[in-house]
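Enquirer: what's the 3D shape of this:
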Amino acid sequence: MIAEFLARLTGTAKAEDQVLPPLDARLALAALLVRMAKSDHSYQASEIGLIDRFLSQRFGLNVVEAAKLRATAEKLEHQAPETEVFTGLIRDAVSYNERVEVLDALWQVVMADGEEKPEEAEMIGFAAGALGVAEADAAALEARYMP
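Expert: Sure thing, here's the model as predicted:
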């Protein structure tokens, strides 16, 4: 499954395989959340818990299913290409309002430890643009988390 997903991410899949099934969109989102959590080189239990809760709520998964999805995403995140690919897949697969929700989830992960670090600030700014979230909406989210 991960090999097939990576083939689609890197453009080496056949044209008929390019349409993203729902699982791929879920994996891309989960992997982006994991990558955001790891961006400050500290992957904490509080961040893992937030990711699991978000995945559970977003996709209607039980605790075990959410943890399995996150664990698969951790492996994928480690092997996958640039963050731009994840964000592009998410941007193309979900509605604008859902992309704003994704950015909100990224902020929650960044703030799980109570502070935003420079690496996280850079990545969240990049993610907002790559997700196609309007500057006003991105700024409103930032204001919510950075009073």
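Enquirer: now name the helix or strand holding the most centrally placed residue in the chain.
Expert: Geometric centre of the chain, nearest residue: L32, 2.6 Å, by CA atoms, centre = their mean. Following DSSP states H and E, the helix or strand that holds L32 is helix 22-38.
Enquirer: show me what that helix is packed against.
Expert: On a contact count with 3 or more CB pairs under 8 Å, 6 or more residues apart in numbering; DSSP states H and E, helix 22-38 meets helix 2-10, helix 45-59, helix 63-79, helix 83-93, helix 96-110, helix 118-131. Quick note: C-beta positions are derived from backbone N, CA and C, even for glycine.
Enquirer: how about the CA coordinates for the helix or strand following the last one, as CSV?
Expert: Read it as helix 118-131. Sequence order places helix 135-145 as the next helix or strand after helix 118-131, per DSSP H and E. Only the C-alpha atoms of helix 135-145 are listed here, as CSV (Å, rounded to 0.1, in the frame of the first residue of the first chain):
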residue,chain,number,x,y,z
GLU,A,135,-4.0,34.8,3.8
ALA,A,136,-6.9,36.3,5.8
ASP,A,137,-8.1,32.8,6.9
ALA,A,138,-4.5,31.7,7.7
ALA,A,139,-4.0,34.9,9.7
ALA,A,140,-7.2,34.4,11.7
LEU,A,141,-6.1,30.9,12.6
GLU,A,142,-2.7,32.2,13.6
ALA,A,143,-4.3,34.9,15.8
ARG,A,144,-6.4,32.1,17.5
TYR,A,145,-3.2,30.2,18.5
